[in-house]
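> With the sequence up front, the predicted model follows.
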Amino acid sequence: MIIFARGNQQLAQNEQKKLQDLAREIQALAGYAQVLGKNVRIEIIGRTDREGKEETNMILSKSRADAIASILISQGVETTNLSTVGVGAKNPLRQELSEKDKAFNRSVSFNVIVTDASH
């Protein structure tokens, strides 16, 4: 999970290192999958906290997911291995009872999808 500053697509402090590690892990996973005759796709899911208008949050969450995809691509991850979606404040990872919970929801998370290479 990668956390963002409130109201924009700027990464929270210390999140850049996570992305460097993640890029290496995705590349390794894609290599292992290829050996096993599989394809790997990483779905990047952008989220926001509940503050702000829903329409704005949907745009912001998608731009967060796109920003992470761009960073991963710049670090050597294949474009075909990534997809992005923004869900705004829908499907929060935590109920927003505190500022810490809100910060947790200002994030992107990842789904790993493995399929047979023939599909």
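Right, received. Where do you want to start?

> The nearest residue to Gly86 once chain neighbours are set aside: neighbouring residues, count only.
Of all residues beyond its chain neighbours, the one nearest Gly86 is Lys62 (2.9 Å), with distances taken as CB to CB, 6 or more residues apart in numbering. The way it works is simple: take the backbone N, C-alpha and C, and place the C-beta from them, glycine included. Counted with other CB atoms under 10 Å, the neighbours of Lys62 add up to 19.

> Mind listing what's buried along the helix or strand hosting Lys62?
Using DSSP states H and E, the secondary-structure element containing Lys62 is helix 54-74. By neighbour count with 16 or more other CB atoms under 10 Å, helix 54-74 contains the buried residues 57-58, 60-62, 64-69, 71-72.

> how far out from the middle of the chain is the helix or strand that it is followed by?
Beyond helix 54-74 in the direction of the C-terminus, DSSP H and E gives the next helix or strand as strand 82-86. Between the mean C-alpha point of strand 82-86 and the mean C-alpha point of its chain there is a distance of 7 Å (CA atoms, centre = their mean, to the nearest Å).

> Could you figure out how far strand 82-86 is turned away from helix 54-74?
Going by axes from the mean of the first three to the mean of the last three CA atoms, to 10 degrees, strand 82-86 is angled at 160 degrees with respect to helix 54-74.

> hmm, who's touching the following helix or strand past strand 82-86?
Past strand 82-86, heading to the C-terminal end, the next element that is a helix or strand (DSSP H and E) is helix 99-105. Contacts to helix 99-105, defined as CB atoms under 8 Å, 6 or more residues apart in numbering, come from residues 1, 3, 6, 12, 47-51, 89, 92-96.
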